[in-house]
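>>> Mind folding the following:
(chains A, B, C, D, E and F)
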Protein chains: 4
Amino acid sequence: MARPRSEDKRNAILDAATKVFAEQGTSAPTARIARQAGVAEGTLFTYFESKDVLLNELYLTVKAGLREAMLVDYPQKGSLRERAQHAWNGYVNWGVVHPEGRKVMAQLTVSTGITDEVKATGSAPFGGVQDMLREAMTKGVLREMAPAFVGALMSAMAEATITFIEREPKRAEAYRAAGFEAFWNAIGKS
Amino acid sequence: MARPRSEDKRNAILDAATKVFAEQGTSAPTARIARQAGVAEGTLFTYFESKDVLLNELYLTVKAGLREAMLVDYPQKGSLRERAQHAWNGYVNWGVVHPEGRKVMAQLTVSTGITDEVKATGSAPFGGVQDMLREAMTKGVLREMAPAFVGALMSAMAEATITFIEREPKRAEAYRAAGFEAFWNAIGKS
Amino acid sequence: MARPRSEDKRNAILDAATKVFAEQGTSAPTARIARQAGVAEGTLFTYFESKDVLLNELYLTVKAGLREAMLVDYPQKGSLRERAQHAWNGYVNWGVVHPEGRKVMAQLTVSTGITDEVKATGSAPFGGVQDMLREAMTKGVLREMAPAFVGALMSAMAEATITFIEREPKRAEAYRAAGFEAFWNAIGKS
Amino acid sequence: MARPRSEDKRNAILDAATKVFAEQGTSAPTARIARQAGVAEGTLFTYFESKDVLLNELYLTVKAGLREAMLVDYPQKGSLRERAQHAWNGYVNWGVVHPEGRKVMAQLTVSTGITDEVKATGSAPFGGVQDMLREAMTKGVLREMAPAFVGALMSAMAEATITFIEREPKRAEAYRAAGFEAFWNAIGKS
DNA sequence: AATGAATGAGAATTCATTCAT
DNA sequence: AATGAATGAATTCTCATTCAT
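Residues are numbered from 1 along each chain as shown, chains lettered A, B, ... in the order given. So this is what the prediction gives:
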């Protein structure tokens, strides 16, 4: 099994899973995902050995999308603030553009089917962002804490920000900016 | 006459549900909860009409616990910082002491079974905390945002903090304090 | 168990059972009957050892009501036609007045819980009616058939008649009369 | 592609349902029907969405069988008596040959799960029989009654007749003939 | 590879009956 | 005797996964 022929079909299934799991939680039936993807029930299992495998691959796929959003045009040479803001904006914008991606992540994050390994891979910082976060740690109130802590705060604050943008889409820019200032202040870089 | 419905048994079921749902997600079987609670499968349904009702009541119960933790000894007359810190500490300490409560909340928050009404009731700010948050909004970068935004940031940052305390329990105090400073900075009150 | 104290309560349960079984079939829960009767769930079982016992006693009770309706003022000395018509009218009128009784009978008749003995007791002809039916058998097309056959035809025709009276209550008398003529013709006594 | 849904299997389930419901009433478990049909419990639900759907389709199927029995070789051009007798014999013979079909019908008729629409469809007169019954209504004692009344009387009398044939199978012919004479007399066509 | 029917192990409830009060 | 909570077997239906086509 799991001998995918068509990359399109695989993506259709991942997209369908995003939508369906976002709306109904990860206990949604695989049959519904197959239907949404326009493939037969059984076909899903030639692309993903089991529902758990689908869950895990979906997790990685969505996380990869988020990463990419943060890294595109990343100002590797910019100031700390520029790099932080780029990452922040990347996160927030991604969240606004991909509400379903965000919802699945919420579902997958609490799902028991995601392996620790996948979770670790998915939440490890990455690329220039990792360096940026590390730099942000130095000095300030967080200087003694675990390195990943700033990253966690940033994600948490960005998530809260996105939630409010979803409620007041017209003030998206204001929230994104205010949220960033809050984050920037939080890490003591004001 | 007849055996009265037992508050103890109801609580036993809620406790069992907390544990089981925390560990296995809300799709865990009611039978497992019943067993964990030491009652018959059917008994669960004399206390909670359906699994969904149990889910909703559990949500409210856990939220109530968190609220209470934040309000005990609340310094109504203290400075903004004192009140904010009290609420923060209440939140973080509750989370550290009730890891399972925190996990169920995570599960219930993304559960499709929780009604909007219950969600609203559960997340409404409360008591002096509401005033404190409102006061914290004035001035600072968040002054123009929706009033609940600070509350959301506080919860998000507290959650992140608790997560790191769970990883490094020995440095609980340090994380709690650093987290609060970050929050205090975030809202621009330094 | 089954040590009834109050005849009233017993009757209340039988009445409730008539109503509930008529509406929902014999698989209706005993709890519903108890509620309808205004007694506790458990109380039902002090009056009737089990649901099956209740079913059987209800069968006999309803049948007894029908018998009584046919026998009241029975013209023992009247002509065959007079007696037949009296029985016919008694049956039809009873059915019209007791639609629920008729519906439970329909349910109980096909119920697997009614013992053969009870069924036999319930459907045995009775009193003067038995003689009337026997007399009706002599001569005519049915003369060679089993004695109970006329009785069965009469019941069947009366049931059909009642059904149509329920649809057109205003023409009750017409149906009752026409039905009887049909029956009288059927047994070749015209 | 894929295994096509099998008409055989569908029929096996309907046959099994006929047998099981006839013996144990419509509250018999679907699992028993599946076992009797030689399919898995779940398979029943790929052929019938729910137990109620099965009940309704079974009703229609059995009724269709009865209809067909009455219509085969129907003497459209025959005299009223010939046509009536053909329908009568068709009914009675069907009942004798399909005792289980008759029992399920009895069960289904009082079942709460059969929709009014299906009941209507099932009991509507049909083909030449409809005309025959209408013709039988003219003149005679029933001339003023609802058109369906003769049909109801015929069914009722045929059912009674079948019941007695089941008790005395050896005199089947005698009962069938005597029953028809009674019916013919009943509608005043002697 | 694709399809969707077949499978049977659950899952949430229901309910007759028992039993503590 | 009356009450209604407690029980757990039984029931309908779902669903991941397999497999014939």
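>>> Contact partners for the closest residue to residue A:121 other than its chain neighbours?
Excluding the flanking residues, the one nearest residue A:121 by Cβ to Cβ, 6 or more residues apart in numbering or on different chains is residue A:60, at 6.7 Å. All C-beta spots, glycine's among them, are computed from the backbone N, C-alpha and C. Residues counted as contacts of residue A:60 (Cβ atoms under 8 Å, 6 or more residues apart in numbering or on different chains) are A:118, A:121-122.
>>> so which strand or helix has residue A:60?
For residue A:60, the host element (DSSP states H and E) is helix A:51-71.
>>> Wondering if that helix reaches DNA strand E at all.
No: residues of helix A:51-71 are not located near DNA strand E by Cβ under 7 Å from any atom of the strand, the shortest gap being 12.7 Å.
>>> which of the contacts of residue A:60 has the most neighbours?
For the contacts of residue A:60, the largest number of neighbours (other Cβ atoms under 10 Å in any protein chain shown) sits with residue A:122, at 20 neighbours.
>>> Look up how far chain C lies from the closest residue to that residue other than its chain neighbours.
Nearest non-adjacent residue to residue A:122, counting by Cβ to Cβ, 6+ apart: residue A:63, 4.1 Å away. Applying Cβ to the nearest Cβ, to the nearest Å, the value for residue A:63 to chain C is 51 Å.
>>> Residue A:15 too?
46 Å.
>>> So what does that residue look like in phi/psi?
phi -60, psi -50 (degrees, to the nearest 10).
>>> separation between it and chain D?
Taking Cβ to the nearest Cβ, one finds residue A:15 at 24 Å from chain D.
>>> got a pLDDT number for that residue?
The model reports residue A:15 with a pLDDT of 98.
>>> Now for it: which residues touch it?
Counting by Cβ under 8 Å, 6+ apart, residue A:15 touches residue A:37.
>>> wouldn't residue A:152 be in contact with residue B:158 here?
No: using Cβ atoms under 8 Å, residue A:152 is not in contact with residue B:158; the gap is 11.5 Å.
>>> need the helix or strand of chain A with the lowest average pLDDT.
Using mean pLDDT, DSSP states H and E, the weakest-scoring helix or strand in chain A turns out to be helix A:127-137, at a mean of 90.
>>> Let me know the angle separating the next helix-or-strand element following that helix from helix A:127-137.
Note on helix A:127-137: by DSSP H and E, the next helix or strand toward the C-terminus is helix A:148-167. Relative orientation of helix A:148-167 versus helix A:127-137 (axes from the mean of the first three to the mean of the last three Cα atoms, to 10 degrees): 110 degrees.
>>> and the angle for helix A:148-167 with helix A:51-71?
Counting by the same axes, to 10 degrees, helix A:148-167 lies at 90 degrees to helix A:51-71.
>>> Can you tell me which helices and strands helix A:148-167 packs against?
Applying 3 or more Cβ pairs under 8 Å, 6 or more residues apart in numbering or on different chains; DSSP states H and E, one finds that helix A:148-167 contacts helix A:80-97, helix A:99-110, helix A:127-137, helix A:172-186, helix B:148-167, helix B:172-186.
>>> The residue of chain A found nearest DNA strand E: neighbouring residues, count only.
Residue nearest to DNA strand E within chain A: residue A:42 (1.7 Å; Cβ to the nearest atom of the strand). Neighbourhood size, residue A:42 [other Cβ under 10 Å]: 12.
>>> next one: residue A:128
Residue A:128 has 18 neighbouring residues, counting by other Cβ under 10 Å.
>>> Quick check: the gap between it and residue A:134.
11 Å (Cβ to Cβ, to the nearest Å).
>>> One more: residue A:162?
Residue A:162 sits 24 Å away from residue A:134, going by Cβ to Cβ.
>>> Next: residue A:185.
Distance of residue A:185 to residue A:134, computed by Cβ to Cβ: 19 Å.
>>> Looking at these two, which is more packed in?
residue A:185 (22 against 14).
>>> right, and the more buried one touches residue B:184 too?
No: counting by Cβ under 8 Å, residue A:185 does not reach residue B:184; the two are 9.1 Å apart.
>>> three-state assignment of residue A:74?
At residue A:74 the chain is in coil, as set by DSSP: H, G, I helix; E, B strand; the rest coil.
>>> Spatially nearest residue to it (excluding sequence neighbours)?
Nearest to residue A:74 is residue A:128, by Cβ to Cβ, 6+ apart, at 5.1 Å.
>>> residues in contact with that neighbour?
A:71, A:74, A:76, A:83.
>>> Backbone torsions only: list them for the third one.
As for residue A:76, its main-chain torsions (degrees, to the nearest 10) stand at phi -50, psi -30.
>>> Please tell me how far residue A:9 sits from chain B.
28 Å.
>>> Just give me the neighbour total for that residue.
There are 17 residues near residue A:9, going by other Cβ under 10 Å.
>>> quick one: contacts for it?
Residue A:9 touches A:37, A:39, A:43, A:47, counting by Cβ under 8 Å, 6+ apart.
>>> so what's it scoring on pLDDT?
For residue A:9, the predicted pLDDT is 97.
>>> Spell out which parts of chain A neighbour DNA strand F.
Checking chain A against DNA strand F by Cβ under 7 Å from any atom of the strand, the hits are A:1, A:27-31, A:41-42, A:44-45, A:50-52.
>>> Farthest-apart pair in the residues you listed, please.
The span of these, defined through Cβ to Cβ, is set by A:1 and A:27 at 22.8 Å.
>>> Neighbour count: these two, which is higher?
Between residue A:1 and residue A:27, counting by other Cβ under 10 Å, residue A:27 is the more crowded of the two (14 against 9).
>>> Is that one in contact with residue B:24, as I believe?
No: in this structure residue A:27 lies outside contact range of residue B:24 using Cβ under 8 Å: 11.5 Å.
>>> I'd like the distance between the residue nearest to residue A:157 when sequence neighbours are not counted and residue A:144.
Nearest residue to residue A:157 in three dimensions, chain neighbours excluded: residue A:183, at 5.0 Å (Cβ to Cβ, 6+ apart). Distance, residue A:183 to residue A:144, by Cβ to Cβ: 19 Å.
>>> secondary structure class for residue A:40?
Put simply, residue A:40 is coil when judged by three-state DSSP.
>>> Backbone dihedrals for it, please?
Dihedral angles (degrees, to the nearest 10) for residue A:40: phi -80, psi 160.
>>> For it, which non-adjacent residue is spatially closest?
Nearest residue to residue A:40 in three dimensions, chain neighbours excluded: residue A:34, at 6.2 Å (Cβ to Cβ, 6+ apart).
>>> mind checking how far the helix or strand where that neighbour lies is from the chain centre?
Following DSSP H and E, one finds residue A:34 within helix A:30-37. Chain-centre distance of helix A:30-37: 23 Å, with Cα atoms, centre = their mean, to the nearest Å.
>>> got it, and stretch A:17-33?
18 Å.
>>> Same question for stretch A:62-69.
Distance, centroid of stretch A:62-69 to centroid of chain: 6 Å (Cα atoms, centre = their mean).
>>> Name the residues that touch it?
Residues from elsewhere that reach stretch A:62-69 (Cβ under 8 Å, 6+ apart): A:18, A:90-91, A:93-94, A:98, A:101, A:104-105, A:108, A:122-123, A:126-127.
>>> before we move on, back to that, quickly name whichever of the contacts of residue A:128 is closest to residue B:11.
Out of the contacts of residue A:128, the member with the shortest distance to residue B:11 (by Cβ to Cβ) is residue A:71, at 49.5 Å.
>>> Does the closest one touch residue A:126 like I think?
Yes: contact criterion Cβ under 8 Å: residue A:71 and residue A:126 qualify, at 7.5 Å.
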